[in-house]
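Colleague: what would the 3D arrangement of this be:
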Amino acid sequence: MGVFTVPTVRFYMDGKLAVDESGYFSLDRMLDRMERYLKILSDGADCRDAARDE
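Modeller: The predicted model follows:
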């Protein structure tokens, strides 16, 4: 009898799960998803800053 394990990598941002990959996955794909999530957050911050400056 064998034991099988599946590696899981989870990326949390502000306490929320942003990216979750399990099993075999491309590191490049994982990094792309993380970068896209960070860009969305930074774009939102830029919009909030612009609205506050008006």
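Colleague: who touches stretch 14-22?
Modeller: Contacts of stretch 14-22 from elsewhere in the structure, counted by Cβ atoms under 8 Å, 6 or more residues apart in numbering, are 6-12, 29-30, 33-34, 37, 41. Quick note: C-beta positions are derived from backbone N, CA and C, even for glycine.
Colleague: flag every buried residue along it.
Modeller: By neighbour count on 16 or more other Cβ atoms under 10 Å, the buried set for stretch 14-22 is 18-19, 21.
Colleague: try stretch 21-35
Modeller: Using 16+ other Cβ under 10 Å as the test for burial, stretch 21-35 gives 21, 33.
Colleague: endpoint to endpoint, that stretch covers what distance?
Modeller: End-to-end span of stretch 21-35 (Cα to Cα, to the nearest Å): 15 Å.
Colleague: check stretch 6-25 too.
Modeller: Terminal-residue distance, stretch 6-25 (Cα to Cα): 11 Å.
Colleague: so what's the residue count around Phe4?
Modeller: By other Cβ atoms under 10 Å, 4 other residues sit near Phe4.
Colleague: picking that back up, need the buried residues of stretch 14-22 in CSV (columns: pLDDT).
Modeller: Shown next, in CSV, are these (pLDDT from 0 to 100):
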residue, pLDDT
Ala18, 86
Val19, 87
Glu21, 88
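Colleague: would you map the strands across the protein?
Modeller: Using DSSP state E, the strands found in the chain span residues 8-13, 16-22.
Colleague: what pairs with the shortest one, and is each one parallel or antiparallel?
Modeller: Using DSSP bridges, the strands paired with strand 8-13 are strand 16-22 (antiparallel).
Colleague: where exactly do the helices run in the protein?
Modeller: Taking DSSP state H as the test, the helices found in the chain are 27-53.
Colleague: can you pull the pLDDT of Ala51?
Modeller: Note on Ala51: pLDDT of 51.
Colleague: kindly report the same for Tyr12.
Modeller: 90.
Colleague: next one: Arg29
Modeller: Per the predicted model, pLDDT is 90 at Arg29.
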